[in-house]
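Student: Following is a predicted model, sequence given first.
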Amino acid sequence: MKGGRLESACWRPRATLGGAGHAAAVAALCAAALALGGCERAMRNMYQQPKVDTLAQSDFFPDGQSARPLSPGTVARSGGALAGTSSGRAGVLPLPVHAGTVTPVLAWAGTAAPSVPNPLPVTQALLARGRGRFDIYCAPCHSVVGDGDGMVARRGFPHPPSYHTERLRKAPDEHFFDVITRGYGAMYPYADRLAPDDRWAVVAYIRALQLSQHARLADVPPAQAKLLEQQKR
């Protein structure tokens, strides 16, 4: 008992910071404040990066202009007032004529294009090229056999139609070329990834896929047909 009161057996004097401990705590708080201030400054630097305004003068380039000329071969996707007010989603322009031996489908303005068959001769090399491009750009959604059950579609992306439907088997060659060029529905255009010749190569390979699922014995050369008949026995 002390002073008329019972003291707890667990009572301990309260710890207090000495002079050195207090100074260390203050220093730690100051360091943390400086660090947080540095983070804020770094974030602001990300938001306010050094840049030039549109069409502003620049000493970086010899001509003194910040706006650079278009690279040779640049093709305008859209133009006019509609393009300027829709971020290029409207006012789509027709593609220019291909400078090489292949002419892509040009007549596309919301109306059906004239029938344009594949202008490239179908060879083993063309089919091999088409298969390579197809496996890279098309198979993830369309699958390697073209039935619309690709790995991307299996994971939630909308399934594209099968190439083996009656409608697409009867579709003209330029339909596939135009879809590759312009896109369709959820499919993004691939004109920036596939040159016109490669698009026609993909079209030829799509035809080969269609034939692989609907071939008749009469379509097989006689020598191979004879071998197939022997194998059936």
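Tutor: Perfect, I can see it now.

Student: Give me the pLDDT for the residue positioned nearest the centre of the chain.
Tutor: The chain has Tyr188 as the residue nearest its centroid, 7.4 Å off, counting by CA atoms, centre = their mean. With respect to pLDDT, Tyr188 scores 88.

Student: Please tell me how far it sits from Thr181.
Tutor: 11 Å (CB to CB, to the nearest Å). Yep, even glycine has a C-beta here, placed from its N, CA and C like the rest.

Student: Likewise for Gln224?
Tutor: Relative to Thr181, and taking CB to CB, Gln224 is found at 35 Å.

Student: So which of these two has more stuff around it?
Tutor: The residue with more neighbours, out of Gln224 and Thr181, is Thr181; 20 against 10, by other CB atoms under 10 Å.

Student: what secondary structure does the more buried one sit in?
Tutor: Assigned state for Thr181: helix (three-state reduction, DSSP: H, G, I helix; E, B strand; the rest coil).

Student: Going by residue numbers, what spans are strands in this protein?
Tutor: Ranges of strands within the chain: none, based on DSSP state E.

Student: So which helix or strand of it has the lowest pLDDT on average?
Tutor: Scoring the helices and strands of the chain by mean pLDDT, DSSP states H and E places helix 19-47 at the bottom, with a mean of 66.

Student: Residues in contact with stretch 200-214: which ones?
Tutor: The contact list for stretch 200-214 (CB atoms under 8 Å, 6 or more residues apart in numbering) reads 102, 118-120, 122, 126-127, 129-131, 133-134, 137-138, 145-146, 163-164, 168-169, 173, 176-177, 180, 194, 219.

Student: Which residue ranges of the chain form helices?
Tutor: For the chain, the helices defined by DSSP state H cover 19-47, 80-85, 124-137, 139-142, 151-154, 166-170, 173-182, 196-214, 222-232.

Student: Ok, which of these comes nearest Leu55?
Tutor: Closest to Leu55 of the helices of the chain is helix 80-85 (CB to CB; 15.1 Å).

Student: what's the neighbour count on the residue nearest to Ala153 when sequence neighbours are not counted?
Tutor: Nearest non-adjacent residue to Ala153, counting by CB to CB, 6 or more residues apart in numbering: His159, 4.5 Å away. Residues near His159, counting by other CB under 10 Å, number 17.

Student: likewise Lys226?
Tutor: 11.

Student: Now do the contacts for it.
Tutor: Residues near Lys226 by CB under 8 Å, 6+ apart: none.

Student: measure it to Ala218 for me?
Tutor: 13 Å.

Student: same check, this time on Val179
Tutor: 30 Å.

Student: check contacts around Tyr137.
Tutor: Tyr190, Arg193, Leu194, Val202.

Student: And for the first one, the neighbour number?
Tutor: Meaning Tyr190. So Tyr190, with other CB under 10 Å, has 18 neighbours.

Student: That one against Ile180, yeah?
Tutor: Yes: with contact defined as CB atoms under 8 Å, Tyr190 counts as touching Ile180 (5.2 Å).

Student: Show me whatever sits in contact with both of the two.
Tutor: Residues within reach of Tyr190 and of Ile180 at once, by CB under 8 Å, 6+ apart, are Arg199.

Student: Thank you, goodbye.
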